[in-house]
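Asker: Output the structure for:
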Amino acid sequence: MAKVLVTGGAGFIGSHLVDRLLAEGFEVKILDLLTKPVHLKGKPAYIPKEAEFIFGDVRDKTTLEYALEGVDFVYHLAAYQDYLPDFSTFFHTNVVSTALIYEIIVEKNLPVQKVIVASSQMAAGEGTYTCEEHGVFQPQIRPVSQLEKGDWEHHCPVCGKVAKNLPNPETFVNPPNPYGMSKFGQEQMAITLGKRYGISSVAMRFSIVQGPRQSFYNAYSGACRIFCLSLFFDRQPTAYEDGLAVRDYVNIEDVVEANFLVLKDKRADYEVFNVGGGKGYTVLEFGKIVSDVFGKNILPKVPNEFRFGDTRHQISDITKLKKLGWLPKHSPEKSVRDYLAYLNAQTDIEDIMDYAEKKMKQLNVVRSVKG
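Answerer: Next up is the predicted model:
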């Protein structure tokens, strides 16, 4: 029976993947540090007893050596993601841990057959845009001076007209922040070292993944958590900027299926794949979906605030992964329904919305338009 190590296996994506691997007959090891605030209340009850749980840090070589013993496949999902300005931690956690996995495999000549690394669409950053008159261009992050005026869109650098966002292929890279840089670093580490040492490797560039088990306390976990918690407590969620930023949402079940597919398919070796929902939604459109699922007439407020570091529009081109036979099958409505069921199953939930909002304002992440 093949054995799989899932780093970050107690987390949102990792835990669902662990369930699937066990159901498919794999032996599973989980390596997780249960870092706060994601795991504010310790080890989640959903961690299956059938999996070997290792409490430890992916940056610790001794711990990682133990975790890799007897393993045939590795899913490296453990990562640091937050709005905090502790820039070095992104690289120390995400990139160094990835390098350490390959270092141990090579040093000990371990018979690991494949390593699959979790990346993010943030590696593409603001992405690509087009002007009807002057063609395609790649914008940098919008300056604070522009955002403080309430000017949210990217403009053609030649004529100044509002430009149209295009779906981003895997070939495009322009990370706007340390998190995105670290994720691209993981991709490079996996593909380059994998090729050099003959270790089949794949990088999965996730869009915004949604579904049950998303942490209640992680400010980075996205609109599904924030909007669903808001409506659960009959509060009005916030849509930053003008609420018309477009996002690409993908259901956790589709993400698990994509990860399992590339484990089995040799055509995926040494490739980077976008894993997205195949369709863009504005934040206000997503807010309406949440309102409809909850059956509550509570739509997002638009207070003329913005989050420093946010991208304007992000949609991933999933053509490459679809060629392997994968398709996103589940809608944002299903993701919200499943998250609502998860909320309803909690016995110790409390009103925690202020936790993330206050934290982001303390860090000067959430800012207001001037004038």
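
Asker: what about Ile54, which SS state?
Answerer: strand (DSSP: H, G, I helix; E, B strand; the rest coil).

Asker: heads up, I number from 23, so please use that
Answerer: New numbering, starting at 23: the last item is Ile76.

Asker: and the nearest residue to it once chain neighbours are set aside, what are its phi and psi?
Answerer: Leaving aside its sequence neighbours, Ile76 sits nearest to Leu53 (CB to CB, 6 or more residues apart in numbering; 4.7 Å). Yep, even glycine has a C-beta here, placed from its N, CA and C like the rest. Main-chain torsions, Leu53, degrees, to the nearest 10: phi -120, psi 120.

Asker: pLDDT score assigned to Leu53?
Answerer: Looking at Leu53, its pLDDT is 98.

Asker: okay, now it: neighbour count?
Answerer: Applying other CB atoms under 10 Å, we find 29 residues neighbouring Leu53.

Asker: same question, Val166
Answerer: 13.

Asker: my guess is the residue nearest to Ile76 meets Glu87, correct?
Answerer: No: counting by CB atoms under 8 Å, Leu53 stays clear of Glu87, with 11.1 Å between them.

Asker: so where do the strands sit in the stretch 173-322 of the chain?
Answerer: Using DSSP state E, counting those that start in this stretch, the strands of the stretch 173-322 of the chain run over 186-188, 222-228, 230-232, 268-273, 293-297, 302-304.

Asker: could those go into JSON lines alongside mean pLDDT, mean neighbour count and distance to Ala146?
Answerer: As requested, those are exported to JSON lines (pLDDT from 0 to 100; neighbours: other CB atoms under 10 Å; distance: least, CB to CB, whole Å):
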{"stretch": "strand 186-188", "mean pLDDT": "96", "mean neighbour count": "17", "distance to Ala146": "11"}
{"stretch": "strand 222-228", "mean pLDDT": "98", "mean neighbour count": "25", "distance to Ala146": "8"}
{"stretch": "strand 230-232", "mean pLDDT": "96", "mean neighbour count": "25", "distance to Ala146": "13"}
{"stretch": "strand 268-273", "mean pLDDT": "96", "mean neighbour count": "23", "distance to Ala146": "11"}
{"stretch": "strand 293-297", "mean pLDDT": "98", "mean neighbour count": "24", "distance to Ala146": "8"}
{"stretch": "strand 302-304", "mean pLDDT": "96", "mean neighbour count": "18", "distance to Ala146": "14"}
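
Asker: Would you convert those strands into CSV that also reports distance to Gly30?
Answerer: Compiled in CSV, these are given as follows (distance: least, CB to CB, whole Å):
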stretch, distance to Gly30
strand 186-188, 30
strand 222-228, 13
strand 230-232, 13
strand 268-273, 18
strand 293-297, 16
strand 302-304, 27
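
Asker: quick one, which of these is nearest to Phe238?
Answerer: Of all the strands of the stretch 173-322 of the chain, it is strand 230-232 that lies closest to Phe238, at 14.2 Å by CB to CB.

Asker: Direction included, what does that closest one pair against?
Answerer: strand 268-273 (parallel) (DSSP bridges).

Asker: What lies in contact with the partner strand?
Answerer: For strand 268-273, the external contacting residues (CB atoms under 8 Å, 6 or more residues apart in numbering) are 143, 187, 228-233, 245-246, 297-305, 308, 334-338, 350-354, 356-357.

Asker: now, which of these lie within helices?
Answerer: Among the contacts of strand 268-273, the residues falling in helices (DSSP state H) are 245-246, 305, 308, 354, 356-357.

Asker: can you tell me which of those residues lies nearest to Phe238?
Answerer: Cys246 (11.5 Å).

Asker: My guess is Phe113 contacts Lys205. True?
Answerer: No: counting by CB under 8 Å, Phe113 does not reach Lys205; the two are 10.4 Å apart.
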